[in-house]
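Novice: Fold the following.
(chains A, B and C)
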Amino acid sequence: MLGVCYYPEQWPERLWRSDAQQMKALGLSVVRIGEFAWSRFEPEPGRYEFAWFDRVIEILMEEGLKVVIGTPTATPPKWLVDRYPEILPVCADTGVVRGFGSRRHYDFSSQRYRQEAMRITRVLAERYGHHEGVIGWQTDNELCCHDTTLSASPVALEAFRQWCQRRYQTVELLNESWGNVFWSMEYRSFAEIELPIAAVTETNPAHRLAYRRFSSDQVIDFHREMVAVIRQHAPDRFITHNFIPMKDTGVDCFALAEELDFASYDNYPLGRTDFLYADASNEAVTPYMRTGHPDYASYYHDQIRGLSQKDFWIMEQQPGPVNWAPSNPRPAPGMVRLWSWEAFAHGAQCVCFFRWRQAPFAQEQMHAGLLRPDQTRSESWSEIETLATELQQIVLQPAKPHQAAVAMVVDVQGQWVSEIEVQGQSYRFNDVQLQYYSALRQLGVDVDIISASSTFEGYRLVVVPCLPIIDDGFVHRCQTSSAEFVFAPRTAAKTSEFALPENLPPGALQSLVPIKVLSVETLREGISEHLEWRGNSLDDVDQKTFESQRWCESIELLDEKMQILASYHSGESAIVRHQNYTYLATLTSDQLLKHLLKELCQKVGIEVFVLPPDVRVRRRGDLYFAFNYSDACQTLPVVANTVFLLGARNLLPRDVAIWSVSQ
Amino acid sequence: MLGVCYYPEQWPERLWRSDAQQMKALGLSVVRIGEFAWSRFEPEPGRYEFAWFDRVIEILMEEGLKVVIGTPTATPPKWLVDRYPEILPVCADTGVVRGFGSRRHYDFSSQRYRQEAMRITRVLAERYGHHEGVIGWQTDNELCCHDTTLSASPVALEAFRQWCQRRYQTVELLNESWGNVFWSMEYRSFAEIELPIAAVTETNPAHRLAYRRFSSDQVIDFHREMVAVIRQHAPDRFITHNFIPMKDTGVDCFALAEELDFASYDNYPLGRTDFLYADASNEAVTPYMRTGHPDYASYYHDQIRGLSQKDFWIMEQQPGPVNWAPSNPRPAPGMVRLWSWEAFAHGAQCVCFFRWRQAPFAQEQMHAGLLRPDQTRSESWSEIETLATELQQIVLQPAKPHQAAVAMVVDVQGQWVSEIEVQGQSYRFNDVQLQYYSALRQLGVDVDIISASSTFEGYRLVVVPCLPIIDDGFVHRCQTSSAEFVFAPRTAAKTSEFALPENLPPGALQSLVPIKVLSVETLREGISEHLEWRGNSLDDVDQKTFESQRWCESIELLDEKMQILASYHSGESAIVRHQNYTYLATLTSDQLLKHLLKELCQKVGIEVFVLPPDVRVRRRGDLYFAFNYSDACQTLPVVANTVFLLGARNLLPRDVAIWSVSQ
Amino acid sequence: MLGVCYYPEQWPERLWRSDAQQMKALGLSVVRIGEFAWSRFEPEPGRYEFAWFDRVIEILMEEGLKVVIGTPTATPPKWLVDRYPEILPVCADTGVVRGFGSRRHYDFSSQRYRQEAMRITRVLAERYGHHEGVIGWQTDNELCCHDTTLSASPVALEAFRQWCQRRYQTVELLNESWGNVFWSMEYRSFAEIELPIAAVTETNPAHRLAYRRFSSDQVIDFHREMVAVIRQHAPDRFITHNFIPMKDTGVDCFALAEELDFASYDNYPLGRTDFLYADASNEAVTPYMRTGHPDYASYYHDQIRGLSQKDFWIMEQQPGPVNWAPSNPRPAPGMVRLWSWEAFAHGAQCVCFFRWRQAPFAQEQMHAGLLRPDQTRSESWSEIETLATELQQIVLQPAKPHQAAVAMVVDVQGQWVSEIEVQGQSYRFNDVQLQYYSALRQLGVDVDIISASSTFEGYRLVVVPCLPIIDDGFVHRCQTSSAEFVFAPRTAAKTSEFALPENLPPGALQSLVPIKVLSVETLREGISEHLEWRGNSLDDVDQKTFESQRWCESIELLDEKMQILASYHSGESAIVRHQNYTYLATLTSDQLLKHLLKELCQKVGIEVFVLPPDVRVRRRGDLYFAFNYSDACQTLPVVANTVFLLGARNLLPRDVAIWSVSQ
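Specialist: Numbers count the residues shown, from 1 in each chain, chains lettered A, B, ... in the order given. This next block holds a predicted model:
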């Protein structure tokens, strides 16, 4: 299913009908509207204007399109800000109020704003909750983008104190939990507690962790209330939210997604790749500047699918150059179609393009749409036409029933801990996670990205790149699983209150991996030392010497019978194995990671592929998909007589191939 | 004519006479005084002390020197700030008040400061307006240096609201003009409008453009009032202002210069070059660290001459190392003379050195003067002696009657638009302009730099490097001109309210260049792609493959008969030509630019030269000047029997040659 | 003597006894306690709890350990901050209050805080001043770390005005001293004076110098009062302070140390080296990332010894990875022992390790201790065991009686001047000082680092790397000394009020070095030009061409008979010599510096060594020490039959050798 984001309030009414007709003709079936239109819904306090919106929905419905309404709470109008200036968030780094003039100028801790946001949501839901043209709802828009999770406002401080009281009950317990005896940081009452900002030097990491948890909870609470309001008035419609990458919000998106029917994602491969390669050389970025990194879009697709463990939507799909990255190249021809098919392959149910028509004014006038501002069709139009035709011919089964054989565990606490305790500037949690993910994908292996509280049932390999805080349930689920487990350094390095475990890291994981982390050293980006492979011979290489980098733990083996797979240049153990649990005490190179993961896959019977460079494969239901990110024709690793539903064994640059598993 | 900047208030009175005598003996005839002396003119509120200033002027006059008085408004004294703290500007980035302790601590929107500034100006003008020793006036000093154009003060906000009301009349028109429907940014009254600062993410570019226009207007208003005060009391004296580069102020300097008799410039080639090469390698900067970039001083000379379309003054000329760049080398021997001759060649009427004697105290104690603090003569003295002697032998005709054959159009709106809408970090408007200017200068071509509202009469080639906003008058003047026109990418890309033109860029220019910009992509600094030359064979090279870089527009040709001069690696058109209008859809390398501009010059009969490296030529009246920036002897491209008024055909390093056109 | 830093308040009481026993068993004899425990000494205003502290001291004493008490004033508790929020410092860069939540959240100018700090100090000193278990006191902790010397609070402003009044008596003298006539910066009264911050552009350097002096004085006053309080109640105990590098505080540490019995230092070679190499390549940093720069620890040891001209203590010695540098490698095996011996060789009387047991919570949980949080022994334990045994066998004479032959003069004013007047970004005063120090140390020469007001008696070579402000006493002491003197560029470049000397630099030094600095140029980091050696032939090299860099003065020779040792590429003099005074007008390469210093050493009969790479030697009393920082075995330059107390002529990597002078 295809759709589009549409802003009727930005265009003369005379265009609405033809817009709808053209959408339909292009093969679109869904239109998202409304999410920035508060100043048009309620031009003055309490004076509502919905007649125009009624007409829009009517026209879309008449032309055979289904509507998703976004609540307009990301953009409170000026009159609301002037009436209640206390709703504005405060920058935690500078203490400066973040004012009106763009979007997201509200504080999640403001009860006043919450009332106002729920009021406009209720009014909309009451009016359109049962409208036959409206199939679903989007809450707010890209919650917490523009670094709005944290706020240092007076209302945030007050809410934080209450949150602390609820969590710790007594201030004595809080002091003890945080270790406030250190540097005389002890509080005598909850009313004495400050936000962990603007201090002379670094504040207590436990304090900062609490602040991150609190801030995440405030977002989740706000969102939960909004979902409840919509649910009450639109009980038979789906509710979703368009997420941005979890790393950009620092919010527990698994918790945020709990109330939703399914999660959605806003997919901008080129802008995100430009940021991913911010510090990289031109040589590194050039091959991907018009395609995006071949694993970076799907890395997020798989995360989003994991949020609800359901097929997801792409609520916004980049259709051309965007306006917000440091550099904004044009997608290579074919990429809009490729990205869309890639989303479907990874479990998308619907792909909506952002946006219907490029706005000639305001902040996003350099952001491409399907139409140009002069009504002509943009470069992506024909690709979407092709895509729409192809989609009619290919039957997509629900993605979810086909669980991947490999699970990668992610947890926002990994982000929190690694951002709070830098220790080595070259450790960047998202790069670590992506490195593991990419190694698996280069082997042609499908990956489910799941939360740390998920079951491991059905998985044969579980990879844990950055999970410093674990709980007993996690350990228990590891123990009772027959999967192979791979733990990266830093696993279980902290208690839930940001302390070292009593028995030292990996804390409770010691029952599975009988080692003790004696100390950690961090090395600068780009400094590598030898890592000697001591495990089984790696079948496809003679190489024995790899690299140890960035984060290197010195470990003591608590069980003599543990297998040592690799050792540091000093001879100490670096990668060890106990039963079905492998622990890497160091970050390492892509090459070693691929060899290790390949060996483990083969051990548990997961098929791996020798893929040509920059080609990726993915299975959905009984279909295989292949994507060629390179600019050369590549031969797929399939038997010569494979029958293709799309594409061919010799896959053209930026082309897609689809074939059936059941051949 | 030569002069010097002098601060008698900083020296014991006993030195004044001998200072004046030495100035005269050196060959100077003009002395600028007074512009930072407010605390000496008015040591307490309303108590004036001018006797000392009378004596200074008397002495200078007696020794045969002419005086230019600078108004002291760049340095309001402490008592004034304490009395009226509301005059202080507020930093738009941080919201912090910018206090007393240096200079320029006033807000252009402060009516209170305006009253005070006009009061001290009036008192001075009344007293010295008809003084026979005073030949002219300088307004304030380097208006808007130290980033003082913008202010976020309460008075600036109030003035901005009034400015908006004057410009848009109704808030509905403002909302529509800015596209405020986007993100519910609509205002209900002018009183709701904020400055486009401190928002959560980027504010509306139209809003920011209005703020830049408003801020520029405030400076112009302030300045106009000051000129009027001086004019009233000194009707027969010239009034000028010492400009710094327009890019450092973001003010419409053409408008600012309107009231002036002529414009002046403060010329610091080494400091500016150090900043120009801020991100460059040591290899790139080393050849020019003691000479300055060979086109960068004259790039500004030609701009300053263009402000008033008249011969200009260098009000401050660097005479040795300065103190304000990240690194501050010493000028290579000969450069002070070379820079001065270069200024004269480009239309200077007078060159004043900054400053007479190096101050041993306060902020500029490491800034060279003509004398050292111990009264000895600095390195530049002998060069200036030589220069003074040479100037007596060479008759300089007014520069202006000899209009250049080539005009380059500049407009502060190019700066505003490109700074507001970054889109690609590698697009830097001043580098783009300088690249075009430098290409022309390397061909030995003289350039007039003119405003977008100037006539093109008399020009045979008009180059437009960065003009995103045009008006109908501009188009009409292009249409009725027989010159060749070269438009760089981004020309006419925006309406006057920062929107895309209805017919897409280049908007109204489509009547001359029948193309449509379909989309823009931006590439990182240093990434280049092939650009294939498809035009006439370039006579001096076999090369056909050049470079496309940084900002690349995809264009549709609206007229089949357009000539395609170059195409992208993809085969799409990149440089096109229609009648006498050439449009470059991409930024490119120096080499292609030189070839293209050379071809166009030859087409319209403009003589180009094959100049040795780092040699530049310039014609003023019937004299040719050549400047050798290199450290090798270079042979000038003139016939062997050329008779030189100065220098020789084999031009020594850092030397100047002058010969007559009429030979 | 060895010791350890211990935080009993952070551990259950049941551990105290066994901790003490283990300390003793390891060979430690000193324990520092108390310096962050205010919230435990005084949990509520006026309610003191010392019983627990009594017990701790009792136990330590019973187990044969001696106690040093640190006053807890670096960590005022929350109730104190809430009661007196005016004690909080204000960031001079941003104007933001620096709040509670870490440490050092107090303003040295707050009289209120001073009262409170002296109160808690008095209470402690009264209680433990005569306690037999307590041998000494540490004032506060690492005064001024985390950039807390400067504050922009209202109390700081008021105190600054008073300080100005005391120093200048009349505002006229202040105006004249600072050159406030420049830019109309004149004040009419002391009440008009502002802090030199938050101005539009740079403030008067004399104003900034006064602010630095004032700020340093405030720290010294605060500290003097604290020492007096302790002295009163603990008259028979030593008082020391644990300094961090002077460059990190900008305080006159010589003055700060005056009241102390001796100075102490917190020695973290790896963290400091990571910062030292912040901008260096990986190639440069890798050899030293686990050892530290071979001169950087001793550079500070020699400074600390110089503060009191007495043997010093290492109050905190890094025992493993730390947590506060951008990257935190593990010390190479052997380095904890090597660093400790190095400290003893340079005059340490006691080395205390920081900390006894790694805390599993709060800010420093990734900072190694001697024990791990699980009570196991960390990597450094066995090295310290070895060290303790060795120390029993080696008799260390007091270091001080053996004065070095070479003195290096340092002065915080060198830091102030060079930070206030940048002039060239590549001039970094600490790098300049370190370069001179390192050149001497590579020659195997011992160095005393002394203040500018010290006697030069007994020294044969005095090196002055960065001393822009000198006084007559300094000149007189130079004149009456028979030592060779080496002055680096910038010596005597400023008067005490931050002006150029009337006779130009080097001001009063002209009587020794008859030259005049005509102008200064600064070159970018990495740009080098030829420097031609014209002095005596350098015995060990044919090389004549060296490098001129970064800061290059043009000098005039005022005495024709001066010897020119080197000249610039332009032929001008660059290194000159008059009698026993050598002046370098330029910064240069390590190589030239070593040759020059070697020649001078030989001239005055100071023995130099040809040391293998990364080997250093140092004499204390009648013992020679050698340290091998390299990872290869190195042969010491001693006669073959040398008898070693420790180590051997073929010195192993990271090993220490000791032999007697008297052999």
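Novice: wait, what's in contact with residue A:345?
Specialist: Shown here is residue A:345, whose contacts under the criterion Cβ atoms under 8 Å, 6 or more residues apart in numbering or on different chains are A:618, A:619, A:620, A:623, A:625, A:627. C-beta here means a position set from N, CA and C on the backbone, and glycine is covered the same way.
Novice: From those, list the ones also adjacent to chain C.
Specialist: Residues of the contacts of residue A:345 in contact with chain C (Cβ under 8 Å from any Cβ of the partner chain): none.
Novice: Near chain C, which residues of the stretch 451-600 of chain A are found?
Specialist: For the stretch 451-600 of chain A, the residues in contact with chain C (Cβ under 8 Å from any Cβ) are A:497-504, A:516, A:518-524, A:526-527, A:554.
Novice: returning to that earlier point: turn the contacts of residue A:345 into TSV, columns for neighbour count and secondary structure.
Specialist: Conversion of the contacts of residue A:345 to TSV gives the following (neighbours: other Cβ atoms under 10 Å in any protein chain shown; DSSP: H, G, I helix; E, B strand; the rest coil):
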residue	neighbour count	secondary structure
A:618	25	strand
A:619	17	strand
A:620	22	strand
A:623	21	strand
A:625	22	strand
A:627	26	strand
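Novice: Quick one: those residues as TSV, columns for pLDDT too.
Specialist: Putting the contacts of residue A:345 into TSV (pLDDT from 0 to 100) gives the following:
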residue	pLDDT
A:618	97
A:619	95
A:620	95
A:623	95
A:625	97
A:627	98
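Novice: Which member of those is positioned nearest chain C?
Specialist: For chain C, the closest of the contacts of residue A:345 turns out to be residue A:627, at 35.6 Å, with distances computed as Cβ to the nearest Cβ.
Novice: List the beta-bridge partners for that closest one.
Specialist: According to DSSP bridges, the residues that bridge with residue A:627 are residue A:616, residue A:656.
Novice: how about low-confidence regions in chain A?
Specialist: Where chain A drops to pLDDT under 70, the residues are A:400-401, A:537-542, A:663.
Novice: Not including adjacent chain positions, what is the nearest residue to residue A:33?
Specialist: Nearest in space to residue A:33, with sequence neighbours left out and distances taken as Cβ to Cβ, 6 or more residues apart in numbering or on different chains, is residue A:6 at 5.3 Å.
Novice: next one: residue A:58
Specialist: With sequence-adjacent residues excluded and distances taken as Cβ to Cβ, 6+ apart, residue A:58 is closest to residue A:133, at 7.3 Å.
Novice: Would you mind measuring from the one you found to residue B:136?
Specialist: Per Cβ to Cβ, to the nearest Å, residue A:133 is found 74 Å from residue B:136.
Novice: Tell me which of these two has more neighbours.
Specialist: It is residue B:136, of residue A:133 and residue B:136, that has more neighbours when counted by other Cβ atoms under 10 Å in any protein chain shown, with 22 against 18.
Novice: three-state assignment of that one?
Specialist: strand (DSSP: H, G, I helix; E, B strand; the rest coil).
Novice: Name the residue of chain A that lies nearest to chain B.
Specialist: Proximity of chain A to chain B (Cβ to the nearest Cβ) peaks at residue A:361, 2.8 Å away.
Novice: angle of the helix or strand harbouring residue A:212 against strand A:134-138?
Specialist: Under the criterion of DSSP states H and E, residue A:212 resides in helix A:205-233. Comparing the axes of helix A:205-233 and strand A:134-138 via axes from the mean of the first three to the mean of the last three Cα atoms, to 10 degrees yields an angle of 160 degrees.
Novice: In contact with whichever residue of the stretch 1-150 of chain A sits closest to chain C, which residues?
Specialist: In the stretch 1-150 of chain A, the residue that lies nearest chain C is residue A:95 (5.8 Å; Cβ to the nearest Cβ). Contacts here follow Cβ under 8 Å, 6+ apart; on that basis residue A:95 touches A:152, A:197, A:198, C:96.
Novice: if I pick the residue of chain A most remote from its centre, what's in contact with it?
Specialist: Of all residues in chain A, residue A:560 sits farthest from the chain's C-alpha centroid, using Cα atoms, centre = their mean; the distance is 40.2 Å. Applying Cβ under 8 Å, 6+ apart to residue A:560 gives no contacts.
Novice: same deal with residue A:327?
Specialist: A:274, A:289, B:424, B:425, B:426, B:522, B:523, B:524.
Novice: how about 7 Å then?
Specialist: Contacts for residue A:327 (Cβ atoms under 7 Å, 6 or more residues apart in numbering or on different chains) come out as A:274, B:424, B:425, B:426, B:522, B:523, B:524.
Novice: Which residues of the stretch 351-500 of chain A lie near chain B?
Specialist: If contacts are counted using Cβ under 7 Å from any Cβ of the partner chain, the residues of the stretch 351-500 of chain A sitting beside chain B are A:359, A:360, A:361, A:362, A:363, A:365, A:366, A:368, A:372, A:373, A:374, A:379.
Novice: tell me the secondary structure for the fourth one?
Specialist: When states are read from three-state DSSP, the local structure at residue A:362 comes out as coil.
Novice: isn't it right up against residue B:176?
Specialist: No. Contact status for residue A:362 versus residue B:176: not in contact, 11.5 Å apart, counting by Cβ atoms under 7 Å.
Novice: In the stretch 101-250 of chain A, which residue sits nearest chain C?
Specialist: Counting by Cβ to the nearest Cβ, the stretch 101-250 of chain A gets nearest to chain C through residue A:179 (2.8 Å).
Novice: Among the contacts of residue A:95, which one is most surrounded by other residues?
Specialist: For the contacts of residue A:95, counting by other Cβ under 10 Å, the largest number of neighbours falls to residue A:152: 24 neighbours.
Novice: Got phi/psi on the residue nearest to residue A:33?
Specialist: Main-chain dihedrals, residue A:6, degrees, to the nearest 10: phi -140, psi 140.
Novice: neighbours of it, just the number please.
Specialist: When neighbours are counted by other Cβ under 10 Å, residue A:6 registers 29.
Novice: likewise residue A:429?
Specialist: By other Cβ under 10 Å, the residues close to residue A:429 number 19.
Novice: Please apply the same query to residue A:632.
Specialist: For residue A:632, the number of neighbouring residues by other Cβ under 10 Å comes to 11.
Novice: Tell me the spatial nearest neighbour of it, not counting adjacent residues.
Specialist: Of all residues not flanking residue A:632 in the chain, residue A:653 sits nearest, at 6.1 Å (Cβ to Cβ, 6+ apart).
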